[in-house]
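> test case, fold it:
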Amino acid sequence: MISPPSTVTSQPLTPSDRSSVGQGFFSRQTIKNWLTFLASGFLVSVPVFIEAPLVRFCPEISVIMTAGWLWLAFYLMKQPKTHLWGDLLFGFSWSWLAGAIYWGWFRWEPLIHLPIESIGVPVALWCLWRGWGQVGNFFYVGSLLGTAITDAYFYVTGLIPHWRQLMQVDPSLATPIFQSALEQVQTPWGMSWAVVLGNCLLGMGLWAMQKSDHHWWALGGAVLSTILVDSLFWFAASLA
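Model (predicted):
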């Protein structure tokens with residue numbers, strides 16, 4: 001005898017079932033994480049390739065533009081659909097301000113580069129303590145970590161004198177300085193430290209990307225993009 005087909009009854013999804021829906025690669029959370037990662041990488045490159053040349057001619061405008069970035073950040077944060085991007089822009093504003101101050105007036109002195117880049121740390125720590133603006137503040141912390149490791153490479157490989165010379169000479173006379181710096185980078189000591197510190201950045205970035213929250217991906221994007229920016233910088237220097 002053939003048994004009649006059993007009746008399938010639909011059961012409501014439990015909270016755990018609902019949380020497991022859409023957790024694949026194309027889930028909304030994953031897509032937003034990747035967009036946050038890419039936006040962070042782009043914002044790390046802005047001070048290096050756009051702001052640094054701008055402040056050589058008019059640093060005052062760059063400082064004033066910080067107010068514009070903050071206004072736009074708070075405006076976007078008021079809208080639920082754009083809150084994430086306003087949050088990210090808030091953290092970027094501190095990187096922009098620090099870059100405007102350093103590259104505008106103190107670029108010839110690398111010893112105070114990191115202290116000036118850390119100008120937003122008290123605000124970032126206060127905001128994180130209050131649980132506010134995590135995406136932007138994690139981005140700022142990530143970009144600061146990338147800056148610290150890049151500066152550490154300059155110190156450990158003896159490139160600080162080249163930094164000072166490049167900031168003081170006319171750009172048309174910079175080629176011999178670039179060549180001398182590249183020769184120092186291409187030594188076994190320079191290459192070894194590039195691998196060590198590059199792996200530190202890579203490890204931190206990949207570790208952050210194992211998390212599911214947007215703010216960790218903002219930190220990962222800021223850290224990993226430092227490797228790309230530094231690589232592009234040295235590639236451009238080798239072409240010069």
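
> shaky segments in this protein?
Scanning the chain with the threshold set as pLDDT under 70 gives 1-26, 240.

> what's the local residue count around Asn199?
Asn199 has 11 neighbours, counted by other Cβ atoms under 10 Å. Where you see a C-beta, it was placed from the backbone N, CA and C, and this is true even at glycine.

> that one sits in which helix or strand?
helix 188-208 (DSSP states H and E).

> what does that helix rub up against?
Helix 188-208 is contacted by residues 142, 145-146, 149-150, 152-153, 156-157, 184-185, 216-217, 219-221, 223-224, 226-227 when judged by Cβ atoms under 8 Å, 6 or more residues apart in numbering.

> mind listing which of those are in helices?
Using DSSP state H, the subset of these located in helices is 142, 145-146, 149-150, 152-153, 156, 184-185, 216-217, 219-221, 223-224, 226-227.

> quick one, what contacts Phe233?
Shown in contact with Phe233 (Cβ under 8 Å, 6+ apart): Val48.

> then Gly91?
Counting by Cβ under 8 Å, 6+ apart, Gly91 has contacts Gly120, Ala124, Gly133, Val135, Gly136, Asn137, Phe138, Phe139, Tyr140, Ala218.

> which of these are buried?
Gly120, Ala124, Gly133, Val135, Gly136, Asn137, Phe138, Phe139, Tyr140, Ala218 (16 or more other Cβ atoms under 10 Å).

> need the residues you listed in JSON lines (columns: secondary structure).
Shown next, in JSON lines, are the buried ones among the contacts of Gly91 (DSSP: H, G, I helix; E, B strand; the rest coil):
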{"residue": "Gly120", "secondary structure": "helix"}
{"residue": "Ala124", "secondary structure": "helix"}
{"residue": "Gly133", "secondary structure": "coil"}
{"residue": "Val135", "secondary structure": "helix"}
{"residue": "Gly136", "secondary structure": "helix"}
{"residue": "Asn137", "secondary structure": "helix"}
{"residue": "Phe138", "secondary structure": "helix"}
{"residue": "Phe139", "secondary structure": "helix"}
{"residue": "Tyr140", "secondary structure": "helix"}
{"residue": "Ala218", "secondary structure": "helix"}
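
> can you give me the helices for this protein?
Assigned by DSSP H, the chain shows helices spanning 15-20, 28-46, 52-57, 59-77, 83-101, 113-117, 121-130, 134-156, 160-168, 175-185, 188-208, 214-239.
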